[in-house]
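J.: just to be clear, the model below is a prediction. Sequence and coordinates:
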Amino acid sequence: MEIPVMVGAGLVVIGVGLGIGRIGGSAMDAIARQPESYGKIQTAMLIAAALIEGIGFAALFAVS
Amino acid sequence: MQRKLSLKASLLFIFLIPFMSMAGGDTPKTDKKSEIKAYIQHHLQDSYDFSLFSYTTEDGSHKYVGAPLPVILWDNGLVVFASSKFHHGETVAEVDGNFYKLYHNKIYKTDALGTINYDDHQHPTNLKPLDLSITKGVVMILITALLMFFLFRGLARSYAQNKGIATGTGRFFEPIVLYIRDDIAIPNIGQKKHMRYMPFLLTVFFFVWFLNIFGLTPLGVNVTGNIAVTTALAIMTFLITNFTGTKDYWKHIFDPLGDSMPWYGKVPLYIILIPIEVLGVFIKPFSLLIRLYANMQAGHIVLMSLIGLMFIFKSWLGSPLSFGLAFAISLIEILVALLQAYIFTMLSALYFGFASEEHDHHDEAHAH
């Protein structure tokens, strides 16, 4: 059975959404525990989110 | 009770309105849809003239407001003419006995009638001369370069004249420059080597930021949403990363395990590890270029689609809805414009940090 490329891209985007959600949630937890290192946590969060987001865009790019 | 009922009725009425306007006239609506789609497609592409807007006059002809730009082609010699000769793709441009035609935003060499020949896959088989034209995007890049040159020359001069205190617009840009140095370059690259990379990091940050912001103005340019531009930026990061790479950087790629394992243990691992590391060298800049391109492209598509809603709904409800949504997305896009510039700079700094890292082998041996 052949799965359409669109479905694959959709699955990738679901994964990306879950991943970025987890990063955001964990960052919130970390900031709640250590509000003084807010800046460092935010930077690390943005980098990780950007790296994952790139994969989502690559998937969308592959179908378009 | 009376008031509640009337509220309900009016709410129902509001929800019904879009459907009412949808029900009336099916065929013009699909035309409108494809027209909007074509318009967005046109906006996302680079163009040979700087047209701000166009309108249809009463006698049915299109009128464009804007300026033509020079078209520069290499076709057995330099060919230069103004893009007004194309008349927005409607006519064939004749230069010294050669004929050129715009077809799907690309220039093809044709005969006097502008015939385009196709192969089996509907691709034109006409000759395509080497295109070095000053397009809308190139004009915008040049304007940004000039703007940055004068802004930061002014900032540098104000330090010299004013005993180390910035004046004018420099007061706005000084903290940003310091932020890039203290919070992006130094933590990622290190105190010792960061000054070597600062010129590139600052340039790329302000270049991407300014162009992102210009993309949101009614000028209708989409430079950072052009994959050629982001590719060029990513290639610069790639070249700088690899040409400033230290011995340890290359050792990490081709001999990641080092002395911690005898050679016969390394061989089966390295068959898998080295290709992955080498691929990583190329994937890093590739993800940079895709991220910036896709983010800006997606932002423009969403924004223009929301504005296009106004013309699809064709009722008094459509305009405020489309305006409200487009306004909210515009605010988010201003944030995204800054965020993408920041991410590009940040990740470039991170890669430069990997490349210029020097392990202190003495300490490492003790740690293991």
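T.: It's in.
J.: the lowest-mean-pLDDT helix or strand in chain A: how far from the chain's middle?
T.: Across the helices and strands of chain A, mean pLDDT, DSSP states H and E gives its lowest value to helix A:38-63, namely a mean of 83. In terms of CA atoms, centre = their mean, to the nearest Å, the centre of helix A:38-63 is found 5 Å from the chain centre.
J.: same for that helix, what does it pack against?
T.: helix A:5-33, helix B:263-313, helix B:318-356 (3 or more CB pairs under 8 Å, 6 or more residues apart in numbering or on different chains; DSSP states H and E). (Glycine included, C-beta is placed from N, CA and C.)
J.: deepest in the core, which of the ones you listed is it.
T.: Greatest average neighbour count among the helices and strands packed on helix A:38-63 goes to helix B:318-356 (a mean of 18), per mean count of other CB atoms under 10 Å in any protein chain shown.
J.: per-residue confidence averaged over that one?
T.: For helix B:318-356, mean pLDDT rounds to 91.
J.: do any residues in it lie close to chain A?
T.: Yes: on the criterion CB under 8 Å from any CB of the partner chain, helix B:318-356 is in touch with chain A at B:L339, B:Y342, B:I343, B:M346, B:L347, B:L350.
J.: give me the pLDDT value at residue 29.
T.: With no chain named, the answer covers chain A. So, for A:D29, pLDDT stands at 95.
J.: nope, chain B please
T.: In this prediction, B:K29 has a pLDDT value of 51.
J.: measure the residue nearest to the spatial centre of chain B to chain A for me?
T.: Chain B has B:T224 as the residue nearest its centroid, 1.5 Å off, counting by CA atoms, centre = their mean. To chain A, B:T224 is 14 Å away according to CB to the nearest CB, to the nearest Å.
J.: pretty sure that residue is touching B:L211, no?
T.: Yes: the criterion here is CB atoms under 8 Å, and B:T224 meets it with B:L211 at 4.7 Å.
J.: can you pull the contacts of the residue nearest the centre of chain A?
T.: In chain A, the residue lying closest to the centroid (CA atoms, centre = their mean) is A:I20, at 2.8 Å. Contact partners of A:I20, counting by CB atoms under 8 Å, 6 or more residues apart in numbering or on different chains, are A:A49, A:I52, A:E53.
J.: can you do 10 Å?
T.: A:M45, A:A48, A:A49, A:A50, A:I52, A:E53, A:G56 (CB atoms under 10 Å, 6 or more residues apart in numbering or on different chains).
J.: got it, and B:H123?
T.: Applying CB under 10 Å, 6+ apart, the residues contacting B:H123 are B:N117.
J.: what do you get for the one 5 residues further on?
T.: Going by CB under 10 Å, 6+ apart, B:K128 touches B:L73, B:D75, B:Y103, B:K106, B:I107, B:Y108, B:K109.
J.: which of those ranks first by neighbour count?
T.: Compared across those, B:I107 has the highest neighbour count, 24 neighbours, by other CB atoms under 10 Å in any protein chain shown.
J.: mind checking the SS state of that residue?
T.: strand (DSSP: H, G, I helix; E, B strand; the rest coil).
J.: is chain A contacted by stretch B:208-217?
T.: No: under the criterion of CB under 10 Å from any CB of the partner chain, chain A is not reached by stretch B:208-217; the shortest gap measures 13.5 Å.
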